[in-house]
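[1] based on what follows, work out the 3D shape:
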Amino acid sequence: MLEKVLRVSKILLPVFILTVLIAGAAHVYAAHPPEPTAPAEHAWWFWPLILLILSFVLGVFAVMAGVGGGVLYVPIVSGFLPFHLDFVRGAGLIVALAGALAAGPGLLRKGMADLRLAIPMALIASSCAIVGAMIGLALPTNVVQTLLGATILGIVAIMLKAKKSEFPNVPQPDALSQSLRIMGVYYEPTIKKDVQWQIHRTPIGLGLFVFIGVMAGMFGLGAGWANVPVLNLVLGAPIKISVATSKFLLSITDTSAAWIYLNNGAVLPLMVVPSVIGIMLGSFVGVKVLAITKPSLIRIMVIVVLGIAGVKALLKGLGIG
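    Model prediction:
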């Protein structure tokens, strides 16, 4: 019975939340319509169609490269398509949120996402994401665009140098993680045995999630690219636990920031709907393509695309490109 409820919730929960967000966005959009940013000679469906196709491709790449959809969506759409950065960041958060909501129930059911690990990080990151969203909307667009470009280039550097440890060695958990009982065990099919895990350096990890939350809200990127290295390399959680818990974290962090953009009229249904549909369809295809494609090749392609988008955003913010 519980499995049936979780299976139904996996389908209905993302649909319900996205419906509420889109309905709210439509209400705000009707009350405060923004100035058009796309060329008037195109039909109304032209740019939504472009977003659908582009988001589909990004969804495929995101799965194979092991990154969230938002970290690809925001720099590429803001750099190469004629949409205002505020609207792109609002849509980027919904895109990242959709993927997290779709994956969250399944990850919890399989015991991969750990609630005791996720909740303390989520409380800090979601609170800071609200602050980040407010800062991002208050700053001039060119400043945010410049900071976005610099951040994307920083992400590229992290992806080039980051190393993942499947089973980090944590000889002794710290006092805070012991008091919060952040530890667990899961079955690892590749070695056919249960793996016990625990974490250390918890205060440092909580401090890093302050910055992760601010950046997630300010740039609308989602934070999977930063969550996983902190959970895995700093705290010492196994890589599968880190990836799954990071995905679950996005469903809390991105929701907090998304409401700020929604309340300020920066979530446009004509952008969000095709983007979410494209990302989710692309993710399904990406899972199948992943089995026959070398992940290392896809990772190189994603790094190159992000590098170009980061340079483009940086030049655009500086008024050069």
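
[2] phi and psi next, for His84.
    Dihedral angles of His84 (phi, psi; degrees, to the nearest 10) stand at phi -60, psi 140.

[3] alpha carbons of stretch 151-163, as PDB, please.
    Extracted in PDB, the C-alpha atoms of stretch 151-163 (Å, rounded to 0.1, in the frame of the first residue of the first chain):
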ATOM      1  CA  THR A 151      30.200  31.900 -11.400                       C
ATOM      2  CA  ILE A 152      29.700  29.700 -14.500                       C
ATOM      3  CA  LEU A 153      33.400  29.900 -15.300                       C
ATOM      4  CA  GLY A 154      34.100  28.900 -11.700                       C
ATOM      5  CA  ILE A 155      31.800  25.900 -12.100                       C
ATOM      6  CA  VAL A 156      33.700  24.900 -15.200                       C
ATOM      7  CA  ALA A 157      36.900  25.000 -13.100                       C
ATOM      8  CA  ILE A 158      35.300  22.900 -10.400                       C
ATOM      9  CA  MET A 159      34.100  20.400 -13.000                       C
ATOM     10  CA  LEU A 160      37.600  20.100 -14.500                       C
ATOM     11  CA  LYS A 161      39.300  19.500 -11.100                       C
ATOM     12  CA  ALA A 162      36.600  17.800  -9.000                       C
ATOM     13  CA  LYS A 163      37.200  14.200  -8.000                       C
END
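
[4] tell me the buried residues in it?
    Under the neighbour-count criterion of 16 or more other C-beta atoms under 10 Å, stretch 151-163 has 151-153, 155-156, 159 buried. Bear in mind the C-beta positions are built from the backbone N, C-alpha and C, glycine included.

[5] using JSON lines, lay out the residues you listed together with pLDDT, distance to Ala91 and secondary structure.
    Formatted as JSON lines, the buried residues of stretch 151-163 follow (pLDDT from 0 to 100; distance: C-beta to C-beta, whole Å; DSSP: H, G, I helix; E, B strand; the rest coil):
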{"residue": "Thr151", "pLDDT": "84", "distance to Ala91": "18", "secondary structure": "helix"}
{"residue": "Ile152", "pLDDT": "81", "distance to Ala91": "17", "secondary structure": "helix"}
{"residue": "Leu153", "pLDDT": "86", "distance to Ala91": "22", "secondary structure": "helix"}
{"residue": "Ile155", "pLDDT": "77", "distance to Ala91": "19", "secondary structure": "helix"}
{"residue": "Val156", "pLDDT": "81", "distance to Ala91": "22", "secondary structure": "helix"}
{"residue": "Met159", "pLDDT": "69", "distance to Ala91": "23", "secondary structure": "helix"}
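
[6] name the nearest of those residues relative to Leu249.
    For these, the minimum distance to Leu249 (C-beta to C-beta) is 17.2 Å, reached by Ile155.

[7] if I follow the layout properly, the closest one ends up in contact with Val74?
    No. If you go by C-beta atoms under 8 Å, Ile155 and Val74 don't touch, sitting 10.9 Å apart.

[8] please report the distance of Leu101 from Phe248.
    Shown here: Leu101 relative to Phe248, a distance of 10 Å by C-beta to C-beta, to the nearest Å.

[9] and for Arg181?
    As judged by C-beta to C-beta, Arg181 and Phe248 stand 18 Å apart.

[10] so those two - more neighbours on which side?
    Phe248 (26 against 10; other C-beta atoms under 10 Å).

[11] quick one: secondary structure of the closest residue to the more buried one other than its chain neighbours?
    Leaving aside its sequence neighbours, Phe248 sits nearest to Ala113 (C-beta to C-beta, 6 or more residues apart in numbering; 4.0 Å). For Ala113, the secondary structure call by DSSP: H, G, I helix; E, B strand; the rest coil comes out as coil.
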